[in-house]
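A.B. asks: Whatever this is, show me its structure:
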Amino acid sequence: MSGARITRVAGALVEAAPMPGATLYELAHVGDRRLMAEVLRVTGDVGTLQVYEDTNGLTIGEPIETEGGSLAVTLGPGLLGAVLDGVGRPLGRIAEQFGDFIGPGAAAPTLDPAVKWAFTPVIKPGTTVVGGDVLGTLEERPGVLHRVMVPPDITGVVKELNAGSFTVTDAIGSLADGTPLRLAHQWPVRQPRPAGRLAPGAERRPFVTGQRIFDFLFPVAEGGSAAVPGGFGTGKTIIEQSLAKYAEADIVVYVGCGERGNEMTDVLAEFPKLIASRTGRPVMDRAVLIVNTSNMPVAARETSIYLGATVAEFYRDMGYRVALMVDSASRWAEALRELAARLQEMPGEEGYPTTLASRLGSFFERAGRVRAKGTPEREGAVTIIGAISPPGGDFSEPVTQAALRVSGALWALDPSLAHQRHFPAVDWETSYSLYADALAPWFAREVGADWAELRRTLMALLQRERELRDIAALVGPEALEDRDRLTLAVASVVREVILRQNAYHAVDCASTLKRTHALAATARELLVAGEAAIAAGTPMAKLEIGRAERALAALRDAPEADFEKLEAAALAAARRLT
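C.D. replies: Down below sits the predicted model:
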């Protein structure tokens with residue numbers, strides 16, 4: 001479209017006319033500097049656009065040029081290890097052109113057009129293909145097989161398909177109707193990628209994190225979602241880094257949405273140093289970082305989480321298990337609020353747009369475990385972990401409440417635990433998981449038949465401890481019965497040994513499900529043996545809870561070679577309290 005001119009500028013919003021043929025979310029270039037923008041509203045022949053870049057210097061009368069399509073990202077080999085901004089521009093190549101700050105109108109392709117990839121076809125000419133079919137493979141990173149797929153909206157008969165080294169812009173073959181086939185294709189970031197069907201619920205398996213409090217008390221299913229609200233300093237970023245390093249995910253997509261620049265600098269500095277425990281290779285070999293700091297334009301911040309979801313779905317369609325981590329959804333919601341105010345939309349609670357809950361829900365719904373379209377048959381999953389930064393740690397604020405309605409688990413972070421240096425600082429009294437019952441058969445089959453019973457026992461123990469602490473605060477612990485004092489003592493062992501983890505310890509930084517089960521089973525034995533001893537007349541003062549706690553701590557920190565020996569010793573110490 002040509003002839004449209006700027007008629008009004010209000011921060012990141014620009015109005016232009018005449019734009020009679022503009023469509024919602026159509027991509028455009030604004031002004032003489034060709035700033036990237038997107039159409040948000042069309043009223044008659046007047047279009048309202050949100051600009052993804054700094055609008056300082058824009059003047060009335062500058063031209064508007066629309067692209068004819070919505071914001072899309074190029075999906076193909078080269079995404080792994082990339083650091084992108086909120087609209088998919090590679091920050092490394094942008095920095096080479098403009099320095100430390102993104103210049104107006106900066107543009108660079110998401111994937112490096114100069115890199116060649118060794119492609120091996122897996123189908124022959126004459127084959128009829130549909131969207132999602134695998135054309136061939138290449139090695140994107142050491143140990144990571146990239147499956148080159150037919151774009152979802154293409155169907156036809158393969159006329160030609162060649163092996164060799166190609167760039168992402170080269171044609172590797174063509175269909176009979178002349179449609180070229182390439183290693184990469186584009187997909188609109190706001191449109192979920194189609195999948196074959198959701199995987200049956202009976203086949204659900206957990207998203208294993210390596211953090212005992214999550215895996216044992218508040219598990220999340222692969223393809224599920226969790227909200228992680230917490231105030232400043234409660235460890236949201238550390239939790240997400242731990243998940244990137246130790247969780248059983250094939251691919252990690254990390255979206256830094258509106259966070260402080262120094263915090264994102266730490267992430268960019270730390271991620272290349274992190275070594276994945278399962279592969280022994282750097283986490284960046286299987287990670288994509290999407291960065292939109294608090295000083296970047298809010299319009300790009302609003303788009304960044306959709307970009308992350310699209311990249312995650314791309315690798316899901318290859319058959320990989322993807323962890324999509326958003327830090328934080330609160331900053332994304334603040335961008336929505338700012339844009340809605342400039343659009344003069346009716347404000348909802350605390351000024352957020354009335355569509356906040358539905359938009360957050362549509363994003364969380366992009367999680368799922370699915371059978372990918374096309375052949376060969378593949379099953380992949382996108383698991384969403386969304387950090388939330390409620391002002392003042394108030395979980396009743398709108399973003400947290402909207403997230404709780406659409407996520408399957410709540411990992412609530414408690415600042416008082418963080419101040420006590422108890423990490424992960426997860427409040428076990430507030431947190432919950434809606435996946436626990438559905439995952440119980442998997443845990444019973446793969447880890448231990450008593451997993452669900454262990455979980456119920458220790459959850460009940462922690463809840464009873466809360467009641468007793470309130471009573472003890474009034475009358476003093478000495479006034480409690482021996483059985484109640486035993487409950488307090490064993491609950492303290494559970495909190496200190498099982499629920500707390502040391503991210504800097506070579507063994508305790510990540511706990512296998514086998515180790516988590518052994519620790520929980522030993523704690524239960526400690527409780528049962530203590531209750532039996534008290535019922536037999538042994539006073540609480542003579543029970544050697546401290547010796548059993550030390551044995552349990554030794555089991556927690558034991559190298560794998562010593563694990564079975566120390567497991568037997570811990571069980572013996574738990575059963576022999578006198």
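A.B. asks: confidence score at the residue lying closest to V122 once chain neighbours are set aside?
C.D. replies: Leaving out its chain neighbours, the residue that sits closest to V122 by C-beta to C-beta, 6 or more residues apart in numbering is G136, at 5.1 Å. Backbone N, C-alpha and C define where each C-beta goes, glycine included. Predicted confidence (pLDDT) for G136: 97.
A.B. asks: and G136, bridged to which residues?
C.D. replies: P121, V148 (DSSP bridges).
A.B. asks: Centroid-nearest residue for this protein?
C.D. replies: M325 (2.0 Å; C-alpha atoms, centre = their mean).
A.B. asks: who's in contact with that residue?
C.D. replies: The contact partners of M325, by C-beta atoms under 8 Å, 6 or more residues apart in numbering, come to E240, L243, A244, V252, V253, Y254, V255, I384, I385, G386, A387.
A.B. asks: Could you pull out the helices in the stretch 401-550 of the chain for me?
C.D. replies: Under the criterion DSSP state H, counting those that start in this stretch, the stretch 401-550 of the chain contains helices at 415-419, 436-446, 451-475, 482-493, 513-535, 545-556.
A.B. asks: Dump the ones you listed to TSV, plus mean pLDDT.
C.D. replies: Formatted as TSV, those follow (pLDDT from 0 to 100):
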stretch	mean pLDDT
helix 415-419	94
helix 436-446	95
helix 451-475	94
helix 482-493	95
helix 513-535	96
helix 545-556	96
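A.B. asks: Just put the ones you listed in CSV and tack on distance to L198 and mean neighbour count.
C.D. replies: Formatted as CSV, those follow (distance: least, C-beta to C-beta, whole Å; neighbours: other C-beta atoms under 10 Å):
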stretch, distance to L198, mean neighbour count
helix 415-419, 36, 15
helix 436-446, 13, 16
helix 451-475, 24, 15
helix 482-493, 39, 19
helix 513-535, 25, 20
helix 545-556, 38, 19
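A.B. asks: Of the ones you listed, which is nearest G231?
C.D. replies: helix 415-419 (5.1 Å; C-beta to C-beta).
A.B. asks: Now K514: closest residue in space that isn't a chain neighbour?
C.D. replies: That would be V447: by C-beta to C-beta, 6+ apart, it lies 6.8 Å from K514.
A.B. asks: no, scratch that, I was asking about R366
C.D. replies: Closest to R366 by C-beta to C-beta, 6+ apart is A309, at 4.6 Å.
A.B. asks: Ramachandran angles for the one you found?
C.D. replies: As for A309, its main-chain torsions (degrees, to the nearest 10) stand at phi -60, psi -40.
A.B. asks: and if you look at P353?
C.D. replies: Torsion angles, degrees, to the nearest 10, at P353: phi -60, psi 150.
A.B. asks: Next: E222.
C.D. replies: According to degrees, to the nearest 10, E222 has phi -60, psi 130.
A.B. asks: Now it. Nearest residue, chain neighbours left out?
C.D. replies: Per C-beta to C-beta, 6+ apart, closest to E222 is A381, 4.3 Å.
A.B. asks: who's in contact with the one you found?
C.D. replies: Per C-beta under 8 Å, 6+ apart, neighbours of A381: A199, E222, G223, R316, R321, V322, G368, R369, V370.
A.B. asks: swap in E365?
C.D. replies: V406.
A.B. asks: For R359, see how far away it is.
C.D. replies: With distances taken as C-beta to C-beta, to the nearest Å, E365 is found 11 Å from R359.
A.B. asks: Tell me how far the residue nearest to the centre of the chain lies from V228.
C.D. replies: 9 Å.
A.B. asks: And for Q241?
C.D. replies: Counting by C-beta to C-beta, the gap from Q241 to V228 is 13 Å.
A.B. asks: can you give me the strands for the stretch 201-350 of the chain?
C.D. replies: Here the stretch 201-350 of the chain has its strands, by DSSP state E, counting those that start in this stretch, at 225-229, 251-257, 287-292, 321-327.
A.B. asks: Parallel or antiparallel, which strands does the second one pair with?
C.D. replies: So the one you mean is strand 251-257. strand 287-292 (parallel), strand 321-327 (parallel).
A.B. asks: do the same with the first one
C.D. replies: Strands flanking strand 225-229 in the sheet, each with its direction: strand 379-388 (parallel), strand 409-410 (parallel) (DSSP bridges).
A.B. asks: contact partners of it?
C.D. replies: In contact with strand 225-229 (C-beta under 8 Å, 6+ apart) are residues 218, 220, 236, 239-240, 329, 364, 367, 383-390, 395, 400, 403-404, 406-413.
A.B. asks: Distance from that strand to the middle of the chain?
C.D. replies: Put simply, strand 225-229 sits 9 Å off its chain's centre (C-alpha atoms, centre = their mean, to the nearest Å).
A.B. asks: Also stretch 403-416?
C.D. replies: Going by C-alpha atoms, centre = their mean, where stretch 403-416 is centred and where its chain is centred differ by 14 Å.
A.B. asks: tell me the SS of K373?
C.D. replies: In the three-state summary, K373 is assigned as coil, counting by DSSP: H, G, I helix; E, B strand; the rest coil.
A.B. asks: Setting the sequence-adjacent residues aside, check what's closest to it.
C.D. replies: Nearest to K373 is G132, by C-beta to C-beta, 6+ apart, at 3.2 Å.
A.B. asks: pLDDT score for that neighbour?
C.D. replies: In this model, G132 carries a pLDDT of 95.
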